[in-house]
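*Asks:* requesting a structural model of the entry that follows:
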Amino acid sequence: MTTEEKHVAIWLRYCEEPPEGVEQKRVYLWLYWQCKNTPEEAWLVILKIVKHELTPRQSNSVGQGIKPLFYEHTDEFEQRIAELAASNSQFARALLSVDRYVKAQSEEWFAEQWISSENEENRVAKKREVDKENLYHSSGYLVFKLFCWREPEKAWRIILEILKYEMTEYQMLMLGVGKLEDLLAHHAPDFIERVEQLAASDAKFAKILGAVWRRDMTEDVWRRIEKARSWLWP
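*Replies:* Model (predicted):
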């Protein structure tokens, strides 16, 4: 094992279990400063790191550490990042912690990520509070939520993409009480007509709509949602 490989192995171990008295964020700063100051050398390190099977904590540390390649060395690394993400699932997973990468993804990408994360297996993990970093509680999750607040049209398009999938009862419930409710809580007047039209033509959406809570919606808008939905979840 070379000295560089030993450093990578130590870093990965510290990502999972930082030495006593060392904050988690200080661990990924080692990679961050390498990417910032010596990006070509850092890239070689990254190639070695992603040969390993990364835990969620390690993956998140990689994503946090490589941010300078996006923000300060875009021209040199944009193509290499895209190619590595397409060929290496460990690296692609780490990129979920990078806001700029996530925001640039398509509506289809967000829908696929949401469907794969909101499932019964993760439901059990969430209930037990186990491994939360592996449950799409990353930039992907937060950016989708941010779209519901600040870019509602994109959020609506993502929801339409999600509806194309075969969905379990659990997924329908989570979409209703989650992103659809977030969107309508902030932008219901702008979407109520589309919601009514879609509910009238799509039985699955009409059922999902039944999971939405009123929150800050006006009485008029809320009455229209109540009328459009076909199901009231217990």
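
*Asks:* now tell me which helix or strand of the chain has the poorest mean pLDDT.
*Replies:* The weakest-scoring helix or strand in the chain, judged by mean pLDDT, DSSP states H and E, is helix 120-128 (a mean of 52).

*Asks:* and the helix or strand following it, what does it pack against?
*Replies:* Using DSSP states H and E, the helix or strand that follows helix 120-128 towards the C-terminus is helix 139-150. For helix 139-150, the elements it packs on are helix 99-103, helix 107-117, helix 152-162, helix 181-201, judged by 3 or more Cβ pairs under 8 Å, 6 or more residues apart in numbering; DSSP states H and E. (Glycine included, C-beta is placed from N, CA and C.)

*Asks:* helix 139-150: how far from the chain's middle?
*Replies:* 8 Å (Cα atoms, centre = their mean, to the nearest Å).

*Asks:* ok, now stretch 81-101?
*Replies:* Distance, centroid of stretch 81-101 to centroid of chain: 12 Å (Cα atoms, centre = their mean).

*Asks:* same question, stretch 208-226
*Replies:* 26 Å.

*Asks:* pull up the distance across it, start to finish.
*Replies:* Taking Cα to Cα, to the nearest Å, stretch 208-226 runs 12 Å from one end to the other.

*Asks:* what sits up against that stretch?
*Replies:* Stretch 208-226 is contacted from outside by 163, 172-173, 175-177, 180-181, 184-185, 188-189, 192, 195-196, 199, 228-233, using Cβ atoms under 8 Å, 6 or more residues apart in numbering.

*Asks:* just the CA trace of stretch 95-109, in PDB.
*Replies:* Extracted in PDB, the C-alpha atoms of stretch 95-109 (Å, rounded to 0.1, in the frame of the first residue of the first chain):
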ATOM      1  CA  LEU A  95     -22.500  14.200  -5.500                       C
ATOM      2  CA  LEU A  96     -25.900  14.200  -3.800                       C
ATOM      3  CA  SER A  97     -24.300  16.400  -1.100                       C
ATOM      4  CA  VAL A  98     -23.300  19.100  -3.700                       C
ATOM      5  CA  ASP A  99     -26.000  21.700  -4.100                       C
ATOM      6  CA  ARG A 100     -24.800  22.900  -7.500                       C
ATOM      7  CA  TYR A 101     -24.800  19.500  -9.000                       C
ATOM      8  CA  VAL A 102     -28.200  18.600  -7.600                       C
ATOM      9  CA  LYS A 103     -29.900  21.800  -8.700                       C
ATOM     10  CA  ALA A 104     -28.800  21.200 -12.300                       C
ATOM     11  CA  GLN A 105     -30.400  17.800 -12.500                       C
ATOM     12  CA  SER A 106     -33.600  17.100 -14.500                       C
ATOM     13  CA  GLU A 107     -37.100  16.600 -13.200                       C
ATOM     14  CA  GLU A 108     -36.800  12.900 -14.200                       C
ATOM     15  CA  TRP A 109     -33.700  12.600 -12.000                       C
END
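
*Asks:* may I see the buried residues of that stretch?
*Replies:* Neighbour-count burial for stretch 95-109, counted by 16 or more other Cβ atoms under 10 Å, picks out 95, 96, 97, 98, 99, 101, 102, 105, 107.

*Asks:* do the same with stretch 8-17
*Replies:* By neighbour count with 16+ other Cβ under 10 Å, stretch 8-17 contains the buried residues 8, 11, 12, 14, 15.
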